[in-house]
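What would the 3D arrangement of this be:
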Amino acid sequence: MKILRYLLSIFLLVLLTLTAAFAFNWRYYHDSPILFYVSFLIDKFGMVPYRDIFEYNMPGTYLVFLIIGRLTGYSVLGIRILDYILLAVIIFLGWLWMRKLSGWAGLFGAVALALAYLSLGPTTMLQREYLMLIPILCGLAAYSNIPPERNGLRFLLTGLFFGIASTLKPQAFVGLLPVLAMEWYSAASEPGPSQRKKFTAFLNRIVPWMMIGFLTPWIVVFAYLGFHGALPQFLDIVFNYLPLFAQMNGDHQIVLGVSRIFALVMNYLKMGGYGIWIAPAILGTYLLQQSPDIPPEKKNHASLLLLLVIAYSIYPVFSGQFFPHHWLPFALFLFQAAFLCLTVKVKTGSPLFRWLPAGALLVISISLVRPDTLYNFRQLIVEHVLPAANNPKEGRVDEIAAFLETHLRPGDTVQPLDWVGGAVHAMLIARVKIATPFIVDEYFYHDLNLPYVQRIRQRFISDLESAMPRYVVEVYDDGPYSEPTGPNTSRDFPELRAFLAENYSIVKEGQGYRIYELRTK
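Model prediction:
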């Protein structure tokens, strides 16, 4: 078994080193620039999210991106370095929370997660599911390492870190359910009073501390929003817009009724492409549970790990969009459960079957090698060059940014008409202030029959008329992200077109975009 561990260590280390080297020249794009831009507006112009910026992401997201932006100056190099530092932190925390069960499984699983993360490409860089792994693993590390004699602190910190994770995405809370389930199982298994009394004692001993910890970050969030007068707008977006956004799938299409249920089931069964790891994960947990040499506390730890796999397999269903990064928490715990095959020796007389689980795991680990890694390796060895730097959105981002940087005057504002097509990214590069609270325009093109959407359309036109930005940057062709599709959707916005026709002229056109300039009167 030690030989396999060493072989696997060398394989994973070499693969991670190569993959990280080839990914170092990536430039972030897609979702991350929007989150960085919101944080930039908060940082440089004192704008308050939800009050001054119409955005539906959770407050913790903007705090994290604000911290990263300030640490790196929003530079590509600084963000790449910090990204690798965060990846190293996740690997360490993956080992830390698993060390009492199997440090090897914890370490190998976290390294496999790092490879999976890098394999998804620049669009996944600093996605929220990746960032929230840090507080989730901190919570699990506190739960697994603080002794039961200090249960108050143990449950307080566990709840606190999961509460922090939930301020990035509320559905992160699902990881607390396995912890509560294992605590209730342990309490119910002890001899003593009736199950009802045990349950009452369980509630009194654990839940208050955990709830205090979990709610503390949200109390801070609500206090901040209330102090800055942004709480009503936040609640308005949460209760009125988010349910509409949740109806869209990963292709930006509104799917309702039976079709939505069918799509949820089919996408769930794909398991994010990690299905090959499910069998070794179940096998590793089963072998550990059946081993007479493993103490009960380790078996409980393994059960918790398997419950976390199940809980975070359900996580993508909450959004119904099933993007690759939504599966990252599930992938981490699945990998760690699978690598338990290296921990337990099968009790059998046949050497073949004794080594079968670990050997099979070694073979499955080859799936972590991605075609782009092999291609880049060939470039490095044969052509002696690293891959060319990424050019986000086929050059659109840099073209727009260059135009803005050379044409803007002090005090000018710009309004993007775009979602993830690169206009906001270019505005971040040019360090320009937005003209209205609306960072993206996807809000205006779906659920058009609802008074709420009609109201924010009217508000947008009113804000534009008040601001009269120097430039309007429109991205009209960005594949499935150009506009929502489905019932009650349309790209038609007559009031916006009339406003542009009356006040603006097109001064630049490129691949899928137009730049309008305010006409002087």
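
going forward, measure contacts between C-alpha atoms and count neighbours the same way
Fine.

what about Ala21, helix or strand, and which?
In this assignment (DSSP states H and E), Ala21 forms part of helix 2-23.

which secondary structure elements does that helix contact?
On a contact count with 3 or more CA pairs under 8 Å, 6 or more residues apart in numbering; DSSP states H and E, helix 2-23 meets helix 76-119, helix 351-364, helix 371-378.

what about 7 Å?
Contact here means 3 or more CA pairs under 7 Å, 6 or more residues apart in numbering; DSSP states H and E; on that basis helix 2-23 packs against no helix or strand.

After that helix, which helix or strand is next?
Counting by DSSP H and E, the next helix or strand C-terminal to helix 2-23 is helix 31-45.

elements contacting that next one?
By 3+ CA pairs under 7 Å, 6+ apart, helix 31-45 packs against helix 59-72, helix 423-430.

hmm, try it at 6 Å
Here helix 31-45 touches helix 59-72, going by 3 or more CA pairs under 6 Å, 6 or more residues apart in numbering; DSSP states H and E.

Restricting to C-alpha, output the helix it packs on in CSV.
In CSV, the C-alpha atoms belonging to helix 59-72 read as follows (Å, rounded to 0.1, in the frame of the first residue of the first chain):
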residue,chain,number,x,y,z
PRO,A,59,-23.1,40.3,0.1
GLY,A,60,-20.3,38.0,1.1
THR,A,61,-19.3,37.6,-2.5
TYR,A,62,-18.6,41.3,-2.9
LEU,A,63,-16.6,41.4,0.4
VAL,A,64,-14.4,38.6,-0.8
PHE,A,65,-13.8,40.2,-4.2
LEU,A,66,-13.2,43.5,-2.6
ILE,A,67,-10.5,42.0,-0.4
ILE,A,68,-8.9,40.2,-3.3
GLY,A,69,-9.1,43.4,-5.4
ARG,A,70,-7.4,45.5,-2.8
LEU,A,71,-4.7,42.9,-2.2
THR,A,72,-3.9,42.6,-5.9
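
got the angle for it vs helix 31-45?
80 degrees (axes from the mean of the first three to the mean of the last three CA atoms, to 10 degrees).

helices or strands up against helix 59-72?
Applying 3+ CA pairs under 6 Å, 6+ apart, we find helix 59-72 packed against helix 31-45.

Going by neighbour count, list what's buried in the helix it packs on.
Under the neighbour-count criterion of 16 or more other CA atoms under 10 Å, helix 31-45 has 31-42 buried.

Confidence-wise, which of these comes last?
Within those, Asp31 has the lowest pLDDT, namely 87.

For that one, which non-adjacent residue is spatially closest?
Spatial nearest neighbour of Asp31, excluding adjacent residues (CA to CA, 6 or more residues apart in numbering): Val420 at 6.4 Å.

And that neighbour, how far from His252?
Using CA to CA, to the nearest Å, we find Val420 at a distance of 12 Å from His252.

Of those two, which one has the most company?
Val420 (21 against 18; other CA atoms under 10 Å).

what about that one, which SS state?
Put simply, Val420 is coil when judged by DSSP: H, G, I helix; E, B strand; the rest coil.

check contacts around Phe155.
Applying CA atoms under 6 Å, 6 or more residues apart in numbering, we find Phe155 in contact with 209-210.

do that again at 7 Å, thanks
By CA atoms under 7 Å, 6 or more residues apart in numbering, the contact set of Phe155 is 143, 206, 209-210.

just curious, which of the residues you listed is nearest to Asp398?
Taking CA to CA as the measure, Asp398 lies nearest Tyr143 of the contacts of Phe155, at 46.3 Å.

Could you name the helices and strands sitting against the helix or strand hosting that closest one?
Under the criterion of DSSP H and E, Tyr143 resides in helix 133-145. Applying 3+ CA pairs under 7 Å, 6+ apart, one finds that helix 133-145 contacts helix 76-119, helix 151-166.
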